[in-house]
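*Asks:* Any chance you can model this:
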Amino acid sequence: MDPAQTISQARDALTVKRVFGDPYERDGVTVIPVARVQGGAGGGGGEGADGKGGGSGFGLSARPAGVFVIRRGDVEFRPAVDVNRASLGGQVLAVVGLLVFRSIAKARAWAAR
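*Replies:* Numbers count the residues shown, from 1 in each chain. This is a model prediction of the structure:
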């Protein structure tokens, strides 16, 4: 793939529509979805046995960040809650707590000997 073509596709992918979605309006309340967008690109070249070589690539990641709520002229941002991240944090905290409890129990048992 041509690096110029990859750059062109990356430019098309990184538009404001990727960050701010189409606004929705109902009962006098406007909601504008917001996303966190990250991208990266890379390319390279060289010569192989046939005298040609090259490559390029592009990656894009988008996650919901929240919404802007517009009501009676007031704007409020409401962040999105990532339930997967919250549950993973709880699991890590539980494992660390169990390991600390185990270490304390072993130390007390050894000191009681």
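*Asks:* Now do the helices for this protein: every range, in order, please.
*Replies:* Using DSSP state H, the helices assigned to the chain run over residues 3-13, 16-19, 83-111.
*Asks:* Out of those helices, which is closest to Gly54?
*Replies:* helix 3-13 (7.3 Å; C-beta to C-beta). For glycine as for every other residue, the C-beta is placed from the backbone atoms N, C-alpha and C.
*Asks:* coming back round to it: now mean pLDDT, mean neighbour count and distance to Gly45 too, for the helices of the chain, in CSV please.
*Replies:* As requested, these are exported to CSV (pLDDT from 0 to 100; neighbours: other C-beta atoms under 10 Å; distance: least, C-beta to C-beta, whole Å):
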stretch, mean pLDDT, mean neighbour count, distance to Gly45
helix 3-13, 69, 13, 8
helix 16-19, 68, 11, 29
helix 83-111, 89, 10, 39
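*Asks:* okay if I get these as CSV plus distance to Lys52?
*Replies:* Putting the helices of the chain into CSV (distance: least, C-beta to C-beta, whole Å) gives the following:
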stretch, distance to Lys52
helix 3-13, 14
helix 16-19, 34
helix 83-111, 44
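*Asks:* Domain ranges for this protein, per the record?
*Replies:* Domain assignment for the chain, taken from automatic domain parsing, gives 3-80, 82-113.
*Asks:* so which of the helices of the chain comes closest to Arg26?
*Replies:* Each of these has some distance to Arg26 by C-beta to C-beta; the shortest is helix 16-19, at 20.8 Å.
*Asks:* closest one to Ile70 among the helices of the chain?
*Replies:* helix 16-19 (17.0 Å).
*Asks:* what's the closest non-adjacent residue to Gly40?
*Replies:* Nearest residue to Gly40, sequence neighbours excluded (C-beta to C-beta, 6 or more residues apart in numbering): Gly59, at 5.3 Å.
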